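Engineer: Pasting the sequence and the predicted coordinates here, then a few questions.
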Amino acid sequence: MPDIANAENHQWRDAVTAALDWWRDAGVDHAFVDDPQDWLAEARKPREAAPPAPMKPLRELTAERDDSPKVAKVSARADWPQTFEAFAPWWLAEPALAPAGLHRLPPVGAQGADLMILVPMPSADDGDTLLSGRAGRLLDAMLAAFGLDRSRTYIASALPAHVPMPDWHLHKESGLGEVLLHHITLAAPKRLLILGASGISALLGNDPPNLAQSLRAINQEGPPLPALPAWDLESMLQRPALKAGLWSRWLEWTGTETI
């Protein structure tokens, strides 16, 4: 219609405007083509991802938190007791050794014992004496099998009080590992049986604690002390088969000697 398709023709302009308005009202306001388009082509292009930042160890992240536990340091080494007799009173009074308000128990036995038995901490059911509860009764049965009794042993704990789920690394930072070595030096036993080696190993700086089973001697302030690490008494109460493993290792450790 050449006579109509003229920019000067008002009817033609009105017809075009009306057509555009109709399509716009129908929601079509862009030009469309029938050729298929790959909309995901850009997304499928391989991108060089930046290497992830290295994760910090959990201990460092905990240390950076403002609400992380504050470690109370043990008093200066010059203030530690220098005699066996003075250790137990200090052990019961030094604030940094255990949280305030917990019931502390002293070690039991004499200096220079044939065997020192070291446990992580007093049992939850102990009374006024270390290992006087259910775990202590198991220990008495074990000592009888070993040909020993409590009169020939020195029984001590790495912590003076029962602490649920202790953080051994925090206790190490407080200086408790050095206190433990000092305690062993003052007690001067002939041998050392560690019942609960994982926690005590971490306290002494052996990481990971699982390597405690390979521990053969304690390098204290004096000559190396023969040591036998084993499971804690609570674990042996729950899994009696562990006692057989300790018995085999005890015979290998002591040979035919009578302690």
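Structural biologist: Structure received. Since the structure is predicted, the reported quantities are computational estimates derived from the model, not experimental observations.

Engineer: Only C-alpha atoms from now on, for both contacts and neighbour counts.
Structural biologist: Will do.

Engineer: per-residue pLDDT, the closest residue in space to Pro160 that isn't next to it in sequence?
Structural biologist: Closest residue in space to Pro160, ignoring its immediate chain neighbours: Arg104 at 5.0 Å, by Cα to Cα, 6 or more residues apart in numbering. pLDDT, the model's per-residue confidence, is 96 for Arg104.

Engineer: just Met165 next, same as before
Structural biologist: Here the pLDDT value assigned to Met165 is 88.

Engineer: Am I right that it sits in a helix?
Structural biologist: No: counting by DSSP: H, G, I helix; E, B strand; the rest coil, Met165 is located in no helix; its state is coil.

Engineer: Count the residues that sit near it.
Structural biologist: Residues lying near Met165 (other Cα atoms under 10 Å) number 6.

Engineer: Check Ala76 too.
Structural biologist: Other residues near Ala76 come to 8 when the count uses other Cα under 10 Å.

Engineer: For the residue lying closest to Ala110 once chain neighbours are set aside, give me phi and psi.
Structural biologist: For Ala110, the nearest residue in space outside its immediate sequence neighbours is Tyr154; the separation is 6.0 Å by Cα to Cα, 6+ apart. Main-chain dihedrals, Tyr154, degrees, to the nearest 10: phi -120, psi 120.

Engineer: wait, isn't the residue nearest to Pro160 in contact with Trp90?
Structural biologist: No: in this structure, Arg104 is not within contact of Trp90 by Cα atoms under 8 Å, at 11.4 Å.

Engineer: between these two, who's got more neighbours?
Structural biologist: Comparing Arg104 with Trp90 by neighbour count (other Cα under 10 Å), the higher total belongs to Arg104, at 22 against 15.

Engineer: Which strand residues bridge the more buried one?
Structural biologist: Per DSSP bridges, the residues bridged to Arg104 are Ala161.

Engineer: contacting residues for it?
Structural biologist: Under the criterion of Cα atoms under 8 Å, 6 or more residues apart in numbering, the contact partners of Arg104 comprise Leu92, Pro160, Ala161, His162.

Engineer: Between these, which sits nearest Leu118?
Structural biologist: Each of those was scored against Leu118 by Cα to Cα, and Pro160 proved nearest at 11.6 Å.

Engineer: how close does the closest one sit to Ala78?
Structural biologist: As judged by Cα to Cα, to the nearest Å, Pro160 and Ala78 stand 21 Å apart.

Engineer: Of the two, which one has the most company?
Structural biologist: When neighbours are counted by other Cα under 10 Å, Pro160 comes out ahead of the other of Pro160 and Ala78, with 25 against 7.

Engineer: I'd say that one and Leu92 touch.
Structural biologist: Yes: between Pro160 and Leu92 there is a contact at 7.0 Å, judged by Cα under 8 Å.

Engineer: Can you work out which residues contact both of these two?
Structural biologist: With contacts taken as Cα under 8 Å, 6+ apart, Pro160 and Leu92 have Arg104, Leu105, Pro106 as neighbours in common.

Engineer: Show me the contact partners of stretch 127-140.
Structural biologist: The set of residues that contact stretch 127-140 without belonging to it, under Cα under 8 Å, 6+ apart, is 105-108, 122-123, 125-126, 149-150, 155-156, 233-234, 237.

Engineer: Kindly report the same for stretch 150-159.
Structural biologist: Stretch 150-159 is contacted from outside by 97-98, 106-111, 113-122, 130, 140, 143, 176, 180, 187, 189, 200, using Cα under 8 Å, 6+ apart.

Engineer: can you map out the helices along the stretch 151-259 of the chain?
Structural biologist: Secondary structure of the stretch 151-259 of the chain (DSSP state H, counting those that start in this stretch): helices located at 168-174, 176-187, 197-203, 233-238, 241-254.

Engineer: Highest mean neighbour count out of those?
Structural biologist: helix 197-203 (a mean of 24; mean count of other Cα atoms under 10 Å).
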